[in-house]
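Undergrad: Sequence first, predicted model second:
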Amino acid sequence: MTAHPIRIEGLHASTPGGRFRVEAVVDGHSVWFESQDAALVPAPEAWASAFLIPSLHLHRPLETDPALDRLWASNVSLLAKRARRAWGYRQVRQDFTESAVGAPVPAGRGSGLLFTGGVDSFHALLCSAERPDVLINVHGFDVALADTAHHEAARRSIDAIAAETGKRTLYVRTNLREHPLILDTPWDAAHGGALAAVGHVLGGRLERVAISSSQPRWSVNPWGSHWSTDPLWSSRTVEFVHLDPDIHRLDKVRRIAPHPLVHRHLRVCWHETGPRLNCSRCEKCMLTMLCLAEAGHLADCTVFEPVDLVAFVRSRRRSRWRLPILHLLARSPRLDPELRRELRAMWWRSVLWRSTGIRWSVRIARRMLGLARPRAPGRTA
């Protein structure tokens, strides 16, 4: 029996309240993007990119009313093949109509960098060979649409970064992440297509969109934004590039750590509270602070609370991710010997946890008792 297709229809543009807005109905639910900074285009590749991975995850083919760009459509089989290899998805037949004629675009379009203010974004901005004209920030991905205070704090920070680096800013809001099909798909898998969707609706303003790497090339962890897949979201209107996959996170921190902009504006936290942009207590904050300490610049960073790192690491039973970086930190002669001992102990606890059935037993027990954690938006790197 053929699965019910995910249908994308009713693409249109409007200007409610002076904002530029593009919208489509996907599987019966409205999905929109809007901006006050640039005219958006209702490119069908935007919604097709956003819902390709959910279609594979849910084993439902995509259908679109308008024809899709020939270059984008030609890459779908390769994108699907790499997604199947990463997450074990079954093959889903995608029967798109391809357009032989590219969409008309204005001359003199620029280049943009998807920017959150995190380690990967800052490295792409300050150290990469790519020189974007525009910093693009999306409200509705890492920061929930309802969290306007969090977004305004991020916006003030990004505006200051853009002013000091001579860039322009471009802010986009979207309800994409609230769509039921996106909620039913792991964000780790779906976010690459979601980032591409933002680039496609900006096709009237930008011809090239850069995505900073969040996983090194040699990582075996499947991830939605990947050096082998990000360029495949391109169309004849918008080209996507994936930046610096050959540099791991510790080296990125070492490179950006001397910059005063980073000291004042680095923001990595999923649980941000207070005026310092980062909570200084979660695992992501901990790892970033350790990397900054190894680089010799933690004391310069006003975005973190002063923390006793030895006591901090000792209080954490294990790390759920980035074990290769923990291993490098535990061997670094730049860190205090007592801190290195605590890091080695944490690394071993984490490795043993991952290599045994303990974590799976805990997950099964939590699910049986109804204690499984609900899904919630969380910041990507």
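TA: Done, it's in.
Undergrad: Need the residues that contact the helix or strand harbouring His263.
TA: Using DSSP states H and E, His263 sits in helix 260-265. Defining contact as C-beta atoms under 8 Å, 6 or more residues apart in numbering, one finds that helix 260-265 is touched by 117, 122, 126, 157-158, 160-161, 164-165, 256, 277, 297, 300-303. All C-beta spots, glycine's among them, are computed from the backbone N, C-alpha and C.
Undergrad: which of the residues in it are buried?
TA: Within helix 260-265, the residues that count as buried by 16 or more other C-beta atoms under 10 Å are Leu261, Val262, His263, Arg264, His265.
Undergrad: what does stretch 224-243 give?
TA: Buried, per 16+ other C-beta under 10 Å, within stretch 224-243: 224-227, 229-230, 232-243.
Undergrad: from the chain's centre, how far out does it sit?
TA: Centroid separation for stretch 224-243 versus its chain: 13 Å, with C-alpha atoms, centre = their mean, to the nearest Å.
Undergrad: Dump the C-alpha coordinates for stretch 228-236 into PDB.
TA: Output in PDB follows, covering the C-alpha atoms of stretch 228-236 (Å, rounded to 0.1, in the frame of the first residue of the first chain):
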ATOM      1  CA  SER A 228      28.700  15.900   1.900                       C
ATOM      2  CA  THR A 229      25.100  17.100   1.800                       C
ATOM      3  CA  ASP A 230      24.900  20.800   2.300                       C
ATOM      4  CA  PRO A 231      26.100  21.700  -1.200                       C
ATOM      5  CA  LEU A 232      23.400  19.300  -2.600                       C
ATOM      6  CA  TRP A 233      20.600  21.600  -1.500                       C
ATOM      7  CA  SER A 234      21.700  24.100  -4.200                       C
ATOM      8  CA  SER A 235      19.600  25.300  -7.100                       C
ATOM      9  CA  ARG A 236      20.400  27.300 -10.100                       C
END
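Undergrad: Now do that stretch, average pLDDT.
TA: Mean pLDDT, stretch 228-236: 97.
Undergrad: now what about it, what contacts it?
TA: Contacts of stretch 228-236 (C-beta under 8 Å, 6+ apart): 43, 45, 49, 69-72, 75, 78-79, 82-83, 102-103, 192-193, 195-196, 199-200, 203, 211, 239-242.
Undergrad: And stretch 324-340, by the same measure?
TA: Contacts of stretch 324-340 (C-beta under 8 Å, 6+ apart): 248-250, 287, 290-291, 293-296, 309-310, 313, 319, 343-344, 346-347, 350.
Undergrad: and the residues you listed, which are buried?
TA: 248-250, 287, 290-291, 293-295, 309-310, 313, 319, 343, 346-347, 350.
Undergrad: In strands, which of those residues appear?
TA: Judged by DSSP state E, the subset of the buried ones among the contacts of stretch 324-340 located in strands is empty.
Undergrad: Put together TSV for the buried residues of helix 260-265, with pLDDT and distance to Arg21 on each row.
TA: Formatted as TSV, the buried residues of helix 260-265 follow (pLDDT from 0 to 100; distance: C-beta to C-beta, whole Å):
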residue	pLDDT	distance to Arg21
Leu261	97	32
Val262	98	34
His263	97	37
Arg264	96	33
His265	96	29
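Undergrad: Tell me the one of the residues you listed nearest Val143?
TA: His265 (15.6 Å; C-beta to C-beta).
Undergrad: Ile148 - how many residues pack around it?
TA: To be clear, residue 148 is Thr; Ile isn't right here. 12 (other C-beta atoms under 10 Å).
Undergrad: Need the per-residue pLDDT for it.
TA: 91.
Undergrad: Outline the domain layout of the chain.
TA: Using automatic domain parsing, the domain parsing of the chain gives 6-93+105-243, 268-368.
Undergrad: Restricted to strands, list the buried residues of stretch 224-243.
TA: Glu239, Phe240, Val241, His242, Leu243.
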